[in-house]
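1. need a 3D model of the following:
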Amino acid sequence: MIIETERLILRKLEETDDERMFLMDSDPEVMKYLEAPVKSKEESMKVIKMIQKQYEENGVGRLAVIEKESGLLIGWCGLKLLKKTINGHVETLDLGYRFIPEFWGKGYAWEAANATLDYGFNELKANTIYAYADSGNTGSKYILTKLGFENTGEFEDSGVKCSWYELKREKYM
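-> I've put the predicted structure just below:
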């Protein structure tokens, strides 16, 4: 599975991505609205292996985002099949993304997410794609809104107040 945009290549995560994944996931600013930063490359490798397992079991998972100009992994973006109930939804596609801070504010998250949505609606034939973000994460919420997602409410996930978003196929097209 490879998705290409003007500036990016989205591909399955590989074990050799562990160093760049560690760089991203060990950064407290990146993880501010997420779980605790990872403390070792071994933890990053576990995440990569978990995502690789999702590819096998579900046919989808977060993808490495590679900047064409530098050839570097700058983050990840992709669809994940929700296997546990979140905000009353299960067995639905969830859009997610995460980037290394030096690549924030350059339109990469929107570009990667937009290409991912195109894949989800046109290749996977999804009718609705969901996303959620910590209610305090204004950057992520801005991107979701810019992509056309509708904020349909708030819920708590492990005690954290989150905003829930949905995008229907007919609104994306």
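2. quick one, longest helix in the protein?
-> helix 41-58 (DSSP state H).
3. I figured Lys141 hits Phe149, correct?
-> No. In this structure Lys141 lies outside contact range of Phe149 using Cβ atoms under 8 Å: 9.0 Å. To be clear about C-beta, it is placed using only N, CA and C from the backbone, and glycine gets the same treatment.
4. and stretch 16-31, how far out from the chain's middle?
-> Offset of stretch 16-31 from its chain centre (Cα atoms, centre = their mean, to the nearest Å): 14 Å.
5. list the buried residues for it?
-> Along stretch 16-31, these residues count as buried under the neighbour rule (16 or more other Cβ atoms under 10 Å): 17-18, 20-26, 30.
6. of these, closest to Gly59?
-> Taking Cβ to Cβ as the measure, Gly59 sits nearest to Asp17 out of these, at 20.0 Å.
7. distance check, the closest one against Ala115.
-> Distance, Asp17 to Ala115, by Cβ to Cβ, to the nearest Å: 19 Å.
8. what of Asp134?
-> Going from Asp134 to Ala115 by Cβ to Cβ gives 24 Å.
9. the spatially closest residue to Thr128 that is not a sequence neighbour: neighbouring residues, count only.
-> Distances taken as Cβ to Cβ, 6 or more residues apart in numbering put Lys168 closest to Thr128, at 5.2 Å, once the chain neighbours are dropped. Number of residues near Lys168 (other Cβ atoms under 10 Å) recorded here: 15.
10. could you shift the numbering so residue one becomes 2, and keep it that way?
-> All set: I'll call the first residue 2, so the last point we hit is now Lys169.
11. who's more crowded, Asp135 and Ala116?
-> Neighbour tally, Asp135 and Ala116, criterion other Cβ under 10 Å: the higher count belongs to Ala116, 21 against 16.
12. now do the SS call for that one.
-> helix (DSSP: H, G, I helix; E, B strand; the rest coil).
13. pLDDT score assigned to the residue nearest to Thr129?
-> With respect to pLDDT, Lys169 scores 97.
14. distance of it from Phe122?
-> Distance, Lys169 to Phe122, by Cβ to Cβ: 9 Å.
15. same check on Val66?
-> 19 Å.
16. check Leu148 too.
-> Leu148 is 12 Å from Phe122, by Cβ to Cβ.
17. repeat for Phe23
-> For Phe23 relative to Phe122 (Cβ to Cβ), the value is 33 Å.
18. and the strands in the chain?
-> For the chain, the strands defined by DSSP state E cover 3-5, 9-13, 63-68, 74-82, 94-100, 129-135, 151-158, 161-169.
19. output the below-cut-off pLDDT ranges for this structure.
-> The chain contains residues with pLDDT under 70 at 174.
20. thought Ser41 was touching Met22?
-> No. With contact defined as Cβ under 8 Å, Ser41 does not reach Met22; the gap is 11.3 Å.
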